[in-house]
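In: coords please:
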Amino acid sequence: MRSTLVRRTVLTASAVSLALLSTACGSDKADDKKPDAKPSAAASSAAPAAKGKTDAELTALLVTQAEAPDYVVQAEAGAKLAKVDSTPVTTDKATCKVLVQSQALQKVGTPTGVARTALGAKPKEPAENASPEEKLEAIKNAFGITTTMTGLSSYEGKGAEELLASVKAAGTACAGGFSATAEGDTTKYESVKPGPAVTGGDESASLSLTADLSGGDKGTILITVTRKGSTVATFSSVSLTGTAEHPKALIDTQVKKLG
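Out: Below you'll find the predicted structure:
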């Protein structure tokens, strides 16, 4: 993986996949438990601006394991997200920078608070009487699960609306591709296309980014950004197989929890 931020995105996905392997394979033990540029685009909404939330307030609003039964919350992988803001990123097209920041769940602009977590889609478990071949297939499937890193950020004034506007603008301006550099590594994003439709919240943007990976492979990262009042929920989905699945149920649950 050429880009540091893209590489960290996939490494986080790897951490989740490895943590889910025991669930996918089952267990022979009866007592085992399963488990920076500030956006410059003008805001389009005329609604009154709400007060921004703090880190603690946003953390309380993050979707929990109980609220997302088809996903596994990974604390270790989520902890890695606390370091993403320490990696500066530049892009050959300034408008496209917000896409890389959103992909990595970096802070965009000056939020009053942020909260982040990582969830992996729960892999299908083999039957109790599964053959060794079927158990091996379950392991392979576990490596291909989609990991979704979820971030909440809140803003004073029109900051949340400006963030959505900048993502939408980047979706159009960066459609033909762009390059991003972090810590000396450069990644070519071949295209930016509209992603799966999203409902809920006050406004949303859904995009699919195709990036060059090592060895000539391609990888698709799904980015969904949804605003509810002064709070923005960002979802960055990736799979080690290179093709992420749209986490609709997770997105719907998280947006609903925002009120």
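In: give me the element the nearest residue to residue 222 once chain neighbours are set aside is part of.
Out: Ranked by C-beta to C-beta, 6 or more residues apart in numbering and with sequence neighbours excluded, the top spatial neighbour of residue 222 is residue 237, at 4.2 Å. Every C-beta, even on glycine, is put in place using the N, C-alpha and C of the backbone. Here residue 237, judged by DSSP states H and E, is contained in strand 231-239.
In: quick revisit: the residue nearest to residue 222 bridge partners, please.
Out: residue 148, residue 222 (DSSP bridges).
In: what's near enough to touch it?
Out: The contact partners of residue 237, by C-beta atoms under 8 Å, 6 or more residues apart in numbering, come to 146, 147, 148, 149, 221, 222, 223, 224, 244, 245, 246, 247.
In: let's see it at 7 Å
Out: 146, 147, 148, 221, 222, 244, 247 (C-beta atoms under 7 Å, 6 or more residues apart in numbering).
In: Equivalent analysis for residue 159, please.
Out: residue 109.
In: mind checking pLDDT for it?
Out: On pLDDT, residue 159 comes in at 96.
In: What residues sit buried inside the strand holding residue 237?
Out: With burial defined by 16 or more other C-beta atoms under 10 Å, the residues of strand 231-239 counted as buried are 231, 232, 233, 234, 235, 236, 237, 238, 239.
In: So what sits opposite the first one in the bridge?
Out: The residues listed as beta-bridge partners of residue 231 by DSSP bridges are residue 154, residue 228.
In: just checking, it touches residue 156?
Out: No - taking contacts as C-beta atoms under 7 Å, residue 231 lies outside contact range of residue 156: 11.6 Å.
In: Could you list the low-confidence segments of the stretch 51-200 of the chain?
Out: Along the stretch 51-200 of the chain, the parts satisfying pLDDT under 70 run over 125-127, 134-135, 137-143.
In: what ranges do the helices span in it?
Out: Assigned helices in the stretch 51-200 of the chain, in chain order: 55-59, 75-80, 97-104, 132-143, 159-173 (criterion: DSSP state H, counting those that start in this stretch).
In: Single out the most deeply packed of those helices.
Out: Mean neighbour count (mean count of other C-beta atoms under 10 Å) peaks for helix 97-104 among the helices of the stretch 51-200 of the chain, with a mean of 27.
In: From the chain's centroid, how far away is that one?
Out: Here helix 97-104 shows a centroid-to-chain-centroid distance of 10 Å under the convention C-alpha atoms, centre = their mean, to the nearest Å.
In: if we can go back for a sec, mind picking the two most distant members of the contacts of residue 237?
Out: Farthest apart among the contacts of residue 237 by C-beta to C-beta are 221 and 247. That separation is 12.5 Å.
In: how about the buried residues of strand 231-239 in JSON lines, adding distance to residue 92?
Out: JSON lines is the format used below for these (distance: C-beta to C-beta, whole Å):
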{"residue": "231", "distance to residue 92": "31"}
{"residue": "232", "distance to residue 92": "25"}
{"residue": "233", "distance to residue 92": "28"}
{"residue": "234", "distance to residue 92": "23"}
{"residue": "235", "distance to residue 92": "25"}
{"residue": "236", "distance to residue 92": "21"}
{"residue": "237", "distance to residue 92": "25"}
{"residue": "238", "distance to residue 92": "22"}
{"residue": "239", "distance to residue 92": "27"}
